[in-house]
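>>> Here is a sequence with its predicted model. Questions after.
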Amino acid sequence: MKDLIDGNEAAAWGARLCRVRVVPNFPITPQTEIIEKLAEWREKGLWKGEFLPMDSEHSVLSAAIASEAAGARTFTASSSQGLLLMTEMHYVASGMRLPLVMVNCSRGLAAPITLWPDNNDFLSLRDSGWLMFFAQNNQEVLDLVISAYRISEHREVLLPSIVNMEGFILSYTREIAEIPGQEEVDSFLPEYAPRVVLDPERPMSLGIPSLHEYMYFRSQVHAAQRNALKVSERVFAEFEKTFGRKYRCVEDYRTEDAELVFVCAGALSTTIKAAVNALREEGVKAGMARIVTFRPFPENRLREILEGKEKIVVVDNSLSPGRGGIIHSEVSSIADCAGVVVSLGGKHIGRDDFVKIGKKADKKGRYWYF
Amino acid sequence: MLEEGKLIKEEDLPYEGVRGIPHIREAGNAVRRRTGDWRIFRPEIDRERCVKCKMCFLMCPDSAVSWKEGPEIDYFVCKGCLICASVCPVKAIKVVRDEGPDRR
């Protein structure tokens, strides 16, 4: 069924179609509508799950961890300050190897206070052990939530996932999206059948203190992340067979003969695609590589795409002060590239700005574009 | 667990499925947990001086001191907190730096 929905509704649809059983929640702009939508559906009997309003985001993720550990497929969503308040529990979820899924509507971090998007909140989870997916439009938000459960719950992975969309740009902008049928999703995503479950009949300690073995258990999170790259490609291939939409860990757009390649992630990529087309019309052979799975980092695939390219420009709407754009720093480890920091706190940037950046940036420089 | 003292390549790091989930299914297993290797200092009882007042036995927070003819310290469990030494009214418990087999 096609419908005109915003990113928040797409996220809520993803959760509903995955038949999530528990949604601990706390509202925050620009994520609130995800929670409102699920509440509405629950009232109307369209979604039958536990809707748990909590007293803070820290409690939200604590409850999500508990319900997932008890064997219930769990979903939640947050943003910005809320996501950061959860951070302590993010590491617990990955360490306990619980495949819950959450959505983040990215929003710049205080101070100063903003409501508009950049990816610093999301990227603060870089080292948390969560699988991290960047959506570029509302369809992808929905599709990545469904895919994320499949990937997370795979026995070779067993890690939580977070799907990111830029707040407002996606979360409050309506687009046409295809909402898959329940039967289709059921055939793609089997019931959650965990092997390690908290059960009062069979008491168990989970997330135990473990001094000498700590390094072993964290190494397993890393091994699981490594597996997730292969599992993601397989799940995306199966997703295409079932739903007809194709995803890869990195999307390449007109990169084959490109001399200038933008590397980016998230919603900015749609504007960059327009800039790529504009540059092509002017005779500049431009292309774009968009990172979909940020963790695990698709190193080999990126290297393949970027191999031998004359000029690579990494676009970041995030900043590690004292270092630079966060994704630039990651891509620097596999190729010589320029980095440009743009659109912090959602500062407007358009197609022609990217055309200018593409033409003027040097191969290795670091830039800011206001 | 993985072998110690060996350099392994990233791609050879094994994935061990549910074994990699930090969980314990069995109840009452704390008795098997060696906490003696946390110890830096080791309490030792001087039998000549001991007056068998049972203070060490009563005050040990981890029940590492049992009572037979007199106090016996279980070094598998004793974390070396030295409360026994500090409560002993006749200073019959010596404190020595531990380099024994229970320390790793």
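That came in fine, so what should we check first?
>>> all contacts plus neighbour counts: C-alpha atoms, from now on.
Noted.
>>> What residues does chain A have near chain B?
Proximity of chain A to chain B (Cα under 8 Å from any Cα of the partner chain) is limited to residues A:95-97, A:155-156, A:195-196, A:202-208, A:210, A:213, A:216-217, A:219-221, A:223-224.
>>> Tell me how far residue A:89 lies from residue A:119.
Per Cα to Cα, to the nearest Å, residue A:89 is found 20 Å from residue A:119.
>>> Likewise for residue A:106?
In this structure, residue A:106 and residue A:119 are 6 Å apart, going by Cα to Cα.
>>> shared neighbours, these two?
residue A:166 (Cα atoms under 8 Å, 6 or more residues apart in numbering or on different chains).
>>> who's more crowded, the two?
Each of residue A:106 and residue A:119 has its neighbours counted (other Cα atoms under 10 Å in any protein chain shown); residue A:106 has more, 33 against 30.
>>> Which among the residues of chain A next to chain B count as buried?
Listed as buried from the residues of chain A next to chain B are A:95-97, A:155-156, A:196, A:204, A:206, A:216-217, A:219-221, A:223-224; burial here means 16 or more other Cα atoms under 10 Å in any protein chain shown.
>>> Next step: those residues restricted to strands.
Per DSSP state E, strands hold the following members of these: residue A:206.
>>> Between all of the buried ones among the residues of chain A next to chain B, which two are separated the most?
Looking at those by Cα to Cα, the two members farthest from one another are A:204 and A:223, with 24.3 Å of separation.
>>> Tell me which stretches of the chain form helices.
I went with chain A, as the question did not name one. Here chain A has its helices, by DSSP state H, at A:7-17, A:32-43, A:57-69, A:80-95, A:120-123, A:138-153, A:182-188, A:214-243, A:268-281, A:299-306, A:326-331, A:351-360.
>>> look at chain B instead
Using DSSP H, the helices assigned to chain B run over residues B:55-59, B:83-87.
>>> Now tabulate those in TSV and tack on distance to residue A:231, mean pLDDT and mean neighbour count.
Compiled in TSV, these are given as follows (distance: least, Cα to Cα, whole Å; pLDDT from 0 to 100; neighbours: other Cα atoms under 10 Å in any protein chain shown):
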stretch	distance to residue A:231	mean pLDDT	mean neighbour count
helix B:55-59	55	97	18
helix B:83-87	54	97	19
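>>> Which residues are in contact with residue A:239?
Counting by Cα under 8 Å, 6+ apart, residue A:239 touches A:147, A:188, A:245-246.
>>> among the residues you listed, who's most crowded?
Counting neighbours by other Cα under 10 Å, the one among those with the most is residue A:147, which has 24 neighbours.
>>> and which of the buried ones among the residues of chain A next to chain B is nearest to residue A:325?
residue A:221 (25.8 Å).
>>> Nearest spatial neighbour of the closest one, chain-adjacent residues omitted?
residue A:129 (6.4 Å; Cα to Cα, 6 or more residues apart in numbering or on different chains).
>>> Would you mind giving the domain segments of chain A?
Chain A breaks down by automatic domain parsing into domains covering A:2-243, A:250-369.
>>> Comparing these, which comes out most buried?
When the domains of chain A are scored by mean count of other Cα atoms under 10 Å in any protein chain shown, the highest mean neighbour count falls to domain A:2-243 (a mean of 21).
>>> which ones are touching residue A:224?
Neighbour list for residue A:224: A:156-159, B:15 [criterion: Cα under 8 Å, 6+ apart].
>>> Show me which residues of chain B are close to chain A?
Within chain B, the residues that sit near chain A (Cα under 8 Å from any Cα) are B:1-2, B:13-18, B:20-27.
>>> mind redoing it with 6 Å?
Selection of chain B residues close to chain A by Cα under 6 Å from any Cα of the partner chain yields B:15, B:20-25.
>>> Which of the residues you listed fall in strands?
B:23-24.
>>> Just the buried residues from the residues of chain B next to chain A, in ChimeraX please.
This is how ChimeraX selects the buried members of those, with burial counted by 16+ other Cα under 10 Å:
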select /B:15,20,21,22,23
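>>> State the pair within the residues of chain B next to chain A that is farthest apart.
Greatest spatial distance in those: B:15 and B:25, 20.5 Å, computed using Cα to Cα.
>>> can you put the helices of chain A in a markdown table and add distance to residue A:258 and mean pLDDT?
Shown next, in a markdown table, are the helices of chain A (distance: least, Cα to Cα, whole Å; pLDDT from 0 to 100):
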| stretch | distance to residue A:258 | mean pLDDT |
| --- | --- | --- |
| helix A:7-17 | 31 | 98 |
| helix A:32-43 | 39 | 98 |
| helix A:57-69 | 43 | 98 |
| helix A:80-95 | 36 | 98 |
| helix A:120-123 | 28 | 98 |
| helix A:138-153 | 25 | 98 |
| helix A:182-188 | 36 | 98 |
| helix A:214-243 | 24 | 98 |
| helix A:268-281 | 9 | 98 |
| helix A:299-306 | 10 | 97 |
| helix A:326-331 | 18 | 98 |
| helix A:351-360 | 12 | 97 |
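>>> So which of the ones you listed is nearest residue B:69?
When those are compared for distance to residue B:69 using Cα to Cα, the nearest one is helix A:214-243, at 40.4 Å.
>>> Just want the angle from the closest one to helix A:299-306.
Comparing the axes of helix A:214-243 and helix A:299-306 via axes from the mean of the first three to the mean of the last three Cα atoms, to 10 degrees yields an angle of 60 degrees.
>>> Now do the contacts for residue A:153.
Taking Cα atoms under 6 Å, 6 or more residues apart in numbering or on different chains as the contact definition, residue A:153 lies against residue A:99.
>>> in its sheet, what does the helix or strand of chain B with the lowest mean pLDDT sit against?
For chain B, scoring each helix and strand by mean pLDDT, DSSP states H and E identifies strand B:23-24 as the least confident one, at a mean of 92. For strand B:23-24, the paired strands and their directions (DSSP bridges) read strand A:205-206 (antiparallel).
>>> how distant is the strand it pairs with from the center of its chain?
From the chain centre to the centre of strand A:205-206 is a distance of 29 Å (Cα atoms, centre = their mean, to the nearest Å).
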